[in-house]
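**Student:** One predicted model, sequence on top.
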Amino acid sequence: MTPDKELIARFKQGGSQGEKAFTELVRRYQEKVYWVCRRMLKSHDDADDVAQNVFIKVHNGLSGFNEEAEFFTWIYRIAVNETINFIRAQKVRSAAPIDDLINEPSDDAERPDESMEREEQRRLIQEAIDTLPEKQKVVFMLRYYDELAYEEIAEMLGTSVGGLKANYFHAFKKIEEYLKLRLKQH
């Protein structure tokens, strides 16, 4: 597999080889970019649209890309920022349905009451995530679901590792408190 840096260098040279190199970068990262967007958006179509916008921005900015940085980190940062901008523009403050985040195989032998209970838990987790402030939500999604290191997230979001850890901790605590409160009501 051709390294990202070599594909970027080919792109910067231009011509048909440059476009082929860009196409390879898109193929390599399109699924990852889509899922970054999808985890923060409820709709497949919205995530698909935002992902396309990400690659337009990548195409337009790639000639000025600083090759000292990691391409993966740079593209993730663009994906997160584009998704946040989309959410702001749509005034939608919600994450992807928890069903899409936890892809458990269905068990046909499962009892209906267990299935309903698990569905209720997923709904409550989704509600809890929806209540988070935007930055905490992004940090939580990238850390918990994408399992990215704090250092990677800090570079993507242009913030300190300490600040991210605090955001993640507060997000986790808020989700935990929300769930405790809601489960007491049931």
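**Tutor:** Sure, I can see it. Numbering: from 1, shown residues only.
**Student:** could you check the distance from residue 41 over to residue 173?
**Tutor:** From residue 41 over to residue 173 the distance is 25 Å, taken as CB to CB, to the nearest Å. Where you see a C-beta, it was placed from the backbone N, CA and C, and this is true even at glycine.
**Student:** swap that for residue 122, please
**Tutor:** Residue 122 is 20 Å from residue 173, by CB to CB.
**Student:** Next: residue 18.
**Tutor:** 48 Å.
**Student:** who has more neighbours, these two?
**Tutor:** Neighbours were counted for residue 18 and for residue 173 using other CB atoms under 10 Å; residue 18 has more, 18 against 10.
**Student:** For the more buried one, which non-adjacent residue is spatially closest?
**Tutor:** Spatial nearest neighbour of residue 18, excluding adjacent residues (CB to CB, 6 or more residues apart in numbering): residue 11 at 4.5 Å.
**Student:** For the strand or helix carrying the one you found, name the packing helices and strands.
**Tutor:** Under the criterion of DSSP states H and E, residue 11 resides in helix 4-13. With contacts taken as 3 or more CB pairs under 8 Å, 6 or more residues apart in numbering; DSSP states H and E, helix 4-13 sits against helix 15-40, helix 71-90.
**Student:** Run the chain-centre distance for the first one.
**Tutor:** Centre-to-centre, helix 15-40 and its host chain are 15 Å apart (CA atoms, centre = their mean, to the nearest Å).
**Student:** Tell me the pLDDT of the most centrally placed residue in the chain.
**Tutor:** The chain has residue 36 as the residue nearest its centroid, 2.4 Å off, counting by CA atoms, centre = their mean. Reading off the confidence values, residue 36 has pLDDT 88.
**Student:** ditto for residue 113
**Tutor:** 72.
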